[in-house]
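Q: Coordinates for the following, if possible.
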Amino acid sequence: MRTHYRHSLDHLADQLQVMCLSDRAAIATATDALLRADLELAEHAIDRCRQIDTTREDCERAAVRLLALQAPVAGELRQVVTALHVVGDLARMAALTEHIANIARRRHPAHAVPDTLAPLVSRMGEAAVAIATNAADVLGSRDPHDAARLDGQDDTMDRLHHNLLTAVLADDFTGPTTTVVDLTLLGRYYERFADHAVLVGRRTFFIATGEYPDE
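A: So this is what the prediction gives:
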């Protein structure tokens with residue numbers, strides 16, 4: 001019975017990693033859609049985000065079953081309860097990605113991002129892909145040292161976000177109000193995506209050690 005329970009725990013952990021990899025693919029597609037003003041890519045990213053939400057429901061049901069059908073203790077209980085929090089973070093990453101894709105869809109066939117800022121937004125997309133990749137690796141390895149290093153990648157995204165806001169608020173920025181709003185929202189979406197990826201790492205650190213990195 002306990003062997004089956006351990007297999008169920010491992011399957012849940014695998015599903016979390018699959019969700020994170022799907023988040024990575026979705027944010028990459030949404031960024032491409034945004035920069036290329038590609039409606040088909042935007043729709044594809046939105047569809048993928050909705051599939052992630054379906055996986056979230058499956059993971060939540062699996063976690064509740066593990067809590068209800070067995071009596072998990074110590075590390076097992078910590079793993080199941082923390083998995084529920086991780087599922088929430090991964091689902092939020094998908095929701096933020098869907099917001100990005102929706103901006104691309106809403107402005108099509110025009111480009112939501114002006115040419116002058118496209119390289120900066122592209123770097124934000126690359127940073128989001130990188131941090132999601134490493135978060136997925138951490139979910140697979142549960143290495144607390146790798147989990148702790150995600151904070152450094154979040155700093156990179158914070159700098160890019162600051163640079164984007166600085167450019168948008170500069171006196172020589174001539175874009176219309178709709179562009180200012182879109183860029184401000186985009187910066188926030190990318191930043192929050194990275195924040196949730198860091199939380200995935202912190203929670204994985206907690207599963208492995210019983211403590212959070214700052215403790």
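
Q: Quick check: which ranges of this structure have low pLDDT?
A: 1-2, 4, 70-73, 210, 212-215 (pLDDT under 70).

Q: rerun that using 90 as the cut-off
A: Applying pLDDT under 90 to the chain picks out residues 1-13, 62-81, 139-154, 171-172, 174-175, 201-202, 204-215.

Q: Pick out the residue nearest the middle of it.
A: Centroid check for the chain by CA atoms, centre = their mean gives residue 93 as the closest residue, at 3.3 Å.

Q: so where does it fall, helix or strand?
A: helix 74-107 (DSSP states H and E).

Q: What is that helix packed up against?
A: helix 2-36, helix 39-69, helix 177-209 (3 or more CB pairs under 8 Å, 6 or more residues apart in numbering; DSSP states H and E). Glycine gets a C-beta too; all of them are placed from N, C-alpha and C.

Q: Off-centre distance for that helix?
A: 6 Å (CA atoms, centre = their mean, to the nearest Å).

Q: May I ask you to confirm that residue 25 is in contact with residue 48?
A: Yes. Under the criterion of CB atoms under 8 Å, residue 25 makes contact with residue 48 at 6.4 Å.

Q: Please say which of those two ends up with more neighbours.
A: residue 48 (20 against 16; other CB atoms under 10 Å).

Q: what residues does stretch 12-29 touch?
A: The contact list for stretch 12-29, computed with CB atoms under 8 Å, 6 or more residues apart in numbering, reads 41, 44-45, 48-49, 51-52, 55-56, 58-59, 62-63, 66, 79-80, 83, 86-87, 90-91, 93-94, 97-98, 100-101, 125, 128-129, 132-133, 135-136, 139-140, 193, 197, 200.

Q: let's see it at 6 Å
A: 41, 44-45, 48-49, 52, 55, 59, 62, 83, 86, 90, 93-94, 97, 128-129, 132-133, 135-136, 139-140 (CB atoms under 6 Å, 6 or more residues apart in numbering).

Q: Could you identify the buried members of the residues you listed?
A: 41, 44-45, 48-49, 52, 55, 59, 62, 83, 86, 90, 93-94, 97, 128-129, 132-133, 135-136, 139-140 (16 or more other CB atoms under 10 Å).

Q: Count the residues that sit near residue 39.
A: Neighbour count for residue 39, taken as other CB under 10 Å: 14.

Q: what's it in contact with, if anything?
A: By CB under 6 Å, 6+ apart, the neighbours of residue 39 are residue 108.

Q: List the buried residues in stretch 92-111.
A: Going by 16+ other CB under 10 Å, stretch 92-111 has these buried residues: 92-105, 107-108.

Q: typo on my end, stretch 199-215
A: 199-208, 213.

Q: now, which of the residues you listed sits nearest residue 8?
A: Using CB to CB, residue 207 comes nearest to residue 8 of the buried residues of stretch 199-215, at 15.5 Å.

Q: Residue 194 versus that closest one, what's the distance?
A: 21 Å (CB to CB, to the nearest Å).

Q: Same question for residue 41.
A: Using CB to CB, residue 41 is found at 21 Å from residue 194.

Q: follow-up on the earlier one: could you say which one of the helices and strands packed on helix 74-107 comes nearest to residue 169?
A: Distance to residue 169, taken as CB to CB, is lowest for helix 177-209 among these, at 8.5 Å.

Q: The closest one vs helix 2-36, what angle?
A: Helix 177-209 and helix 2-36 are oriented at 160 degrees to each other (axes from the mean of the first three to the mean of the last three CA atoms, to 10 degrees).
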